[in-house]
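# Give the three-dimensional model of this entry:
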Amino acid sequence: MATRVPLGLNIGDGVDAQGTARWEAVANGNNGPAAGRELEIADLLKFIKHQQVNNIVWLTADVYYAAAHYYDPSKAQTKDFAPFWEFIAGPLNAGTFGPQVYSPRFRQQGRSIYRHMRDYSSLVKSI
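Predicted coordinates for the structure are as follows:
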């Protein structure tokens, strides 16, 4: 599966005219019940589990660092899905900031390689 943005990261997109926070990605920035795009992803993940679709891997980008996230239903608020990996592919020279805040909805376990990317970025800049 390929998506433009990671599933479980709160990625802010400013505020609307009333001052309410807007969210660019799937996660909606709150710790309450699933809403909006989160409901659509929850339905998709439930379908994948119940149809026994195996070996699903998500590929995402758009956060300017690289990471591997393992999504585990035993640690998530939303529990009706099979565990899966999500790989975030940031630009090779990324490293201007670190990982975003995680949403508790699907509760990924981050394996950020931000530090390694930052080191590589410094190496490239010195050449």
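
# How are the helices of this protein distributed by residue range?
Assigned by DSSP state H, the helices in the chain fall at 37-50, 114-126.

# Least reliable of the ones you listed by average pLDDT, please.
Of all the helices of the chain, the minimum mean pLDDT falls on helix 114-126 (a mean of 44).

# the strands in this protein, which residues?
Listed in chain order, the strands of the chain (DSSP state E) span 9-10, 12-15, 21-23, 57-60, 67-71, 84-88, 101-102, 108-112.

# Give me whichever of those is most buried.
With neighbours taken as mean count of other C-beta atoms under 10 Å, those reach their highest mean count in strand 9-10, at a mean of 22. Placement of C-beta: from N, CA and C, glycine included.

# Adjacent strands (with direction) for it?
Within its sheet, strand 9-10 is paired with strand 101-102 (antiparallel), according to DSSP bridges.

# same question for the partner strand, mean pLDDT?
pLDDT averaged over strand 101-102 gives 64.

# related to what we said a few turns ago, could you dump the strands of the chain into a markdown table with distance to His50 added?
Below are the strands of the chain laid out as a markdown table (distance: least, C-beta to C-beta, whole Å):
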| stretch | distance to His50 |
| --- | --- |
| strand 9-10 | 26 |
| strand 12-15 | 32 |
| strand 21-23 | 28 |
| strand 57-60 | 18 |
| strand 67-71 | 16 |
| strand 84-88 | 14 |
| strand 101-102 | 26 |
| strand 108-112 | 21 |
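
# Quickly, which of those strands bottoms out on average pLDDT?
Mean pLDDT is lowest for strand 108-112 among these, at a mean of 57.

# hang on, isn't Asp72 packed against Ala82?
No - with contact taken as C-beta atoms under 8 Å, Asp72 and Ala82 are classed as non-touching, separated by 9.9 Å.
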